[in-house]
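Peer 1: when you get a sec, could you give me coordinates for this:
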Amino acid sequence: MTRLSIVGVSGSLSRPSRTSALVSAVLDSVQERVFADSQLFDLADVAQGLFSASTYDRLLPQSRAIIDDIENADLLVVGTPVYRGSYSGSFKHLFDLVRHDRLRGKPVILTATGGSQLHGLITEHQLRPLFGFFSALSLPTTVYATETDFSNYLLSNDLIQQRIETVADEALHALKPRVSTPFVKTDRSTYAASA
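Peer 2: Predicted coordinates for the structure are as follows:
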């Protein structure tokens, strides 16, 4: 059986980070549903190598491997803090390094964090067009969280958690055709082939 690959990207350079916590929560929710490998690329950790190059071809091998993992993932979970009403420059730079034809048809979960609800449409007005450029499949439900939705950098709002559960279900549906016999988790201990 082909094992699925799920990659998360947090566009925050802060530590600790609400954005990273949100992306991690979404990754966890998806992994409750599918048998897959997952990894989170946190720009607070990997930005230095990525920022040293302006194109994919100029990346050093370790940083090129990060872009390769993003390009080869079966599902992306992306998140950015709101800066100046848009995604962060570090987030944009990372996706400037992704080759334009490598995300075609790839399911993407869009998430963002901000200081208030005033920026709640960033996922629709900024992130969805960005991934539309790549011809990726941005899933219908997005997740936007504010500072008040967290307690000690952990999600504490049940409504946000419900949105995460909804988009995780959408991801499960989108992943089924990506491999010939994907395994779907029926509970925490057993797996069954999807119909």
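
Peer 1: contacting residues for residue 131?
Peer 2: Counting by CB atoms under 8 Å, 6 or more residues apart in numbering, residue 131 makes contact with 78, 103, 108, 110, 138. Backbone N, C-alpha and C define where each C-beta goes, glycine included.

Peer 1: again, but for residue 64
Peer 2: Under the criterion of CB under 8 Å, 6+ apart, the contact list for residue 64 reads residue 56.

Peer 1: backbone dihedrals for the most centrally placed residue in the chain, please?
Peer 2: Using CA atoms, centre = their mean, the residue of the chain that lies closest to the mean C-alpha position is residue 77, 1.4 Å off. The main-chain torsion angles of residue 77 are listed as degrees, to the nearest 10 and equal phi -120, psi 110.

Peer 1: quick check: it touching residue 5?
Peer 2: No - here residue 77 does not reach residue 5: they are 11.7 Å apart, not a contact under CB atoms under 8 Å.

Peer 1: that older thread, looking at the contacts of residue 131, spot the one nearest residue 164.
Peer 2: Out of the contacts of residue 131, the one with the shortest distance to residue 164 is residue 110. That distance is 12.1 Å, counting by CB to CB.

Peer 1: and the closest residue to residue 123 other than its chain neighbours, how many residues sit next to it?
Peer 2: Setting aside the residues directly before and after it, residue 123 is nearest to residue 142 in space (CB to CB, 6 or more residues apart in numbering), at 3.7 Å. The criterion is other CB atoms under 10 Å. On that basis, residue 142 has 19 neighbouring residues.

Peer 1: repeat that for the one 3 residues further on.
Peer 2: The criterion is other CB under 10 Å. On that basis, residue 145 has 25 neighbouring residues.

Peer 1: circling back to that earlier point, compare the contacts of residue 131 and tell me which is most surrounded.
Peer 2: Neighbours here mean other CB under 10 Å. Within the contacts of residue 131, the largest count is held by residue 78, at 29 neighbours.

Peer 1: the nearest residue to that residue once chain neighbours are set aside: neighbouring residues, count only.
Peer 2: Spatially, and ignoring its direct neighbours in sequence, residue 78 is nearest to residue 9 (4.8 Å; CB to CB, 6+ apart). Neighbours of residue 9 under the rule other CB under 10 Å: 28.

Peer 1: residue 9 touches residue 73, doesn't it?
Peer 2: No - under the criterion of CB under 8 Å, residue 9 makes no contact with residue 73, lying 9.5 Å away.

Peer 1: tell me what the helix or strand hosting residue 109 is packed against?
Peer 2: For residue 109, the enclosing helix or strand under DSSP states H and E is strand 107-114. Helices and strands touching strand 107-114, as assessed by 3 or more CB pairs under 8 Å, 6 or more residues apart in numbering; DSSP states H and E, comprise helix 18-31, strand 75-81, helix 128-133, strand 137-138, strand 143-146, helix 158-175.
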